[in-house]
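Chemist: here's a sequence, model it:
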Amino acid sequence: MNKITGCLIAILCLLTTEVAAQSQSIERRAELRATPTGNNSGQSSIQAYQSHVWFHRIELTLSGDLNDNGYYHRLEVEFDADTSQNYQQVFAEFSLLPTYGGERIYYTSSVFELFSDSPGDWLAIDTVLDQRYAPDTYLLTVRLFDAASGYLLAEISGFDDVNLDLLPLEDYSRDSYIDSSTTVEVSAGMTGIAALLALCLLLWGRQKARCA
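Modeler: This is a model prediction of the structure:
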């Protein structure tokens, strides 16, 4: 039993390391204030699911294209969510869906607080995709869960907001990769032509000598 337990722990450690190696994220959020300012008005857009919590605003920035192929390895997602309650503790989950393949969660935030319709409770996640993200167009999904129960409270994705769909992404290891295959173009001016004629004359002379 101890050997089986040890094997399971080792496997979990490997899986955790592998997942952690896929992306590196920096979490930033506003200084939280318990007094709502009430400056927000309206809602972000049609959302896949919402309860007493919803997304008021969500913004996305892509950057980092080292090989200039149009695919980026860094994305920053910032959103402000509102609640009809005075106070709600939540955590956020971020995932990417490639053209082919399954959805992949790349970050789960720490617990943070929403205060009614306050604009001062935003959350921003700045992520560098390190590994296992082939060049593709991805669909982003952001979900909010109740911190106490784990129940889904709100969800928005590229199916709802076109700005979250068809994101040209690839991981850093592919973005920084330089193709070893090179295309060589040869051009010659007068010097090149003279060298080519000299080479032809040399080969012709050797052929003549052999025949003699």
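Chemist: need the contact list for the nearest residue to residue 146 once chain neighbours are set aside.
Modeler: Sequence neighbours aside, residue 153 is the residue nearest to residue 146 in space, at 5.6 Å (criterion: CB to CB, 6 or more residues apart in numbering). Heads up, the C-betas are built off the backbone N, CA and C, glycines and all. By CB atoms under 8 Å, 6 or more residues apart in numbering, the residues touching residue 153 are 50, 51, 52, 53, 88, 90, 144, 145, 146.
Chemist: for the second one, give me its contacts.
Modeler: For residue 51, the contact set (CB under 8 Å, 6+ apart) comprises 153, 154.
Chemist: distance check, it against residue 92.
Modeler: 15 Å (CB to CB, to the nearest Å).
Chemist: now do the fourth one
Modeler: In this structure, residue 53 and residue 92 are separated by 11 Å, where distance is defined by CB to CB.
Chemist: please name the bridge partners of residue 113.
Modeler: Per DSSP bridges, the residues bridged to residue 113 are residue 89.
Chemist: ok, now how distant is it from residue 124?
Modeler: Distance, residue 113 to residue 124, using CB to CB: 15 Å.
Chemist: could you pull out the helices in this structure for me?
Modeler: In the chain, the helices defined using DSSP state H lie at 2-22, 172-175, 190-211.
Chemist: check the ones you listed for me: which has the lowest mean pLDDT.
Modeler: Mean pLDDT is lowest for helix 2-22 among these, at a mean of 46.
Chemist: now residue 129: closest residue in space that isn't a chain neighbour?
Modeler: Spatially, and ignoring its direct neighbours in sequence, residue 129 is nearest to residue 171 (4.4 Å; CB to CB, 6+ apart).
Chemist: check what pLDDT the one you found gets.
Modeler: Value for residue 171, per-residue pLDDT: 95.
Chemist: can you get me a residue count around it?
Modeler: For residue 171, the neighbour count with other CB atoms under 10 Å is 21.
Chemist: so where's the protein shaky on pLDDT?
Modeler: Scanning the chain for pLDDT under 70 picks out 1-22, 31-45, 177-212.
Chemist: wait, doesn't the residue nearest to residue 129 sit right on residue 138?
Modeler: No. Applying CB atoms under 8 Å as the test, residue 171 and residue 138 come out as separate, 11.3 Å apart.
Chemist: ok, which stretches of this protein are strands?
Modeler: Taking DSSP state E, the strands of the chain run over residues 23-29, 49-50, 53-63, 74-83, 88-97, 104-108, 112-114, 123-129, 136-146, 152-157, 167-169.
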